[in-house]
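K.L.:
Provided below are the primary sequence and the corresponding predicted coordinates.
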Amino acid sequence: VKLVQQTDKQQRNAAGQSVLRAEACMPFRNTCADSQCFFVRSSDPKVCAVLTRDFVLDADQVQSVSLECTGTLSDLGSGVDVYLFIESEDNSVQEVRLISVKPSIG
């Protein structure tokens with residue numbers, strides 16, 4: 001996920017630094033034979049917040065998990081790795097996805 005500075009909605013934090021933002025969607029498929037309830041959480045919600053935290057999927061269906069990533073250049077440096085943990089309600093599915101959040105200026 002590349003974070004960009006939105007000039008039309010330029011925001012600054014308390015220290016006066018420009019805040020970079022990006023929204024992203026991550027597809028997730030239920031590979032189970034049954035309908036399942038899934039929960040998603042982020043290892044660093046300050047950098048990459050999960051907007052679609054829980055959902056129910058029928059067998060072999062796909063759900064887009066919405067993410068909102070934010071940060072400043074000093075927070076992100078050359079990039080930050082964030083892990084997304086996806087678990088089914090019965091714990092039969094436990095998956096981890098790695099998201100690299102990087103600033104993009106220009």
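P.N.:
Structure received. Treat the numbers as computed from the prediction; the structure is a model and nothing was measured.
K.L.:
CA atoms for contacts and neighbours, from now on please.
P.N.:
Fine.
K.L.:
ok, now which ones touch Gln63?
P.N.:
By Cα atoms under 8 Å, 6 or more residues apart in numbering, the residues touching Gln63 are 27-29, 57.
K.L.:
Okay, Gln61 and Thr31: tell me how far apart.
P.N.:
8 Å (Cα to Cα, to the nearest Å).
K.L.:
Averaged over its residues, which helix or strand of this protein has the lowest pLDDT?
P.N.:
The weakest-scoring helix or strand in the chain, judged by mean pLDDT, DSSP states H and E, is strand 2-4 (a mean of 52).
K.L.:
which parts of the next helix or strand after that one are buried?
P.N.:
Using DSSP states H and E, the next helix or strand after strand 2-4 towards the C-terminus is strand 20-29. Within strand 20-29, the residues scored as buried using 16 or more other Cα atoms under 10 Å are 20-23.
K.L.:
Now do the same contact list for Glu87.
P.N.:
38-40, 93-95.
K.L.:
I misspoke; the intended subject was Val62.
P.N.:
Counting by Cα under 8 Å, 6+ apart, Val62 makes contact with 27-30.
K.L.:
and the residue nearest the centre of the chain, bridged to which residues?
P.N.:
Of all residues in the chain, the one closest to the mean position by Cα atoms, centre = their mean is Leu67, 3.6 Å from it. The partner list for Leu67 in beta bridges (DSSP bridges) reads Ala24, Val50.
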